[in-house]
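Novice: The sequence and its predicted three-dimensional model are supplied below.
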Amino acid sequence: MVKTPRRIWLLSTVAVIVGSVLVLPYLLFDVETSRIETSSDMHYGLLVTHVLTAFIALALGPLQFMPTVRARRKVHRVIGRTYLLAGVVPAGLTGIPVALLSGRLLTQIGLAIPAVLWLVTGWLAYRAARQRDFAAHRAWMMRNYALTFLAVTARILVPLFMLAQLPFRSGVTPDQLAADMIPVGQALSWIVNLALVEFLLRRRALEARA
């Protein structure tokens, strides 16, 4: 039996822990506990749907890269379809209006674009699997999960950006600084994730040719 690499277990653990923290305020369906300000009941409903379904994708994604799961094709297929149909698709479809309703241009651009790419890469991964092009399927799934992992990476980048800004914005409150840096972290996180995945894919291709 092929062992699952430690980095995948680490990825899965981080995804579940961070995802649980992010989803917790929305389990009571109380608008007062929302971390994001919403403009209407519809906006809040879209946000809750997005957060809950994104958590499904975040938690299930690493399982797709585990050799022990991939070896069991039926299990791998069920998890993959659940990841896409119960996670990526509804989270992506609700993520677009949630971003556009935010009222902030950087948030609208920084989150709407990855939501669209999330859906596109999910479709390309599914199509590659249907065509039995498993190398392309794996590559598209890695890109897709890089977009899923946006929420985690943003929680790492935002505090770093806040610390970097402190010496230059001493008169700004932490809440205001966070409000300014969150859109920046969200916009950059998926770019960083995709860049890392492309680096790993190119390195793997070079190693295969060598």
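Specialist: Cool, the structure landed.
Novice: farthest residue from the center of this structure?
Specialist: Distance from the C-alpha centroid of the chain, by C-alpha atoms, centre = their mean, peaks at G171 (33.1 Å).
Novice: does it count as helix, strand or coil?
Specialist: Following DSSP: H, G, I helix; E, B strand; the rest coil, G171 is assigned to coil.
Novice: And the pLDDT for the residue nearest the centre of the chain?
Specialist: Nearest to the geometric centre of the chain sits T148, at 1.9 Å (C-alpha atoms, centre = their mean). Here, the pLDDT recorded for T148 equals 97.
Novice: what does K3 give?
Specialist: Value for K3, per-residue pLDDT: 66.
Novice: okay, and for this protein, where does confidence drop off?
Specialist: Across the chain, the ranges flagged by pLDDT under 70 are 1-3.
Novice: longest single helix anywhere in it?
Specialist: Secondary structure of the chain per DSSP state H: the longest helix is helix 174-209.
Novice: That one: which residues count as buried?
Specialist: Within helix 174-209, the residues that qualify as buried are 177, 180-190, 192-194, 197, counting by 16 or more other C-beta atoms under 10 Å. C-beta coordinates here come from the backbone N, C-alpha and C atoms, glycine included.
Novice: before we move on, back to that, just confirm the residue nearest to the centre of the chain contacts G61, I think it does.
Specialist: Yes. Using C-beta atoms under 8 Å, T148 is in contact with G61, at 5.3 Å.
Novice: who touches both of those two?
Specialist: G87 (C-beta atoms under 8 Å, 6 or more residues apart in numbering).
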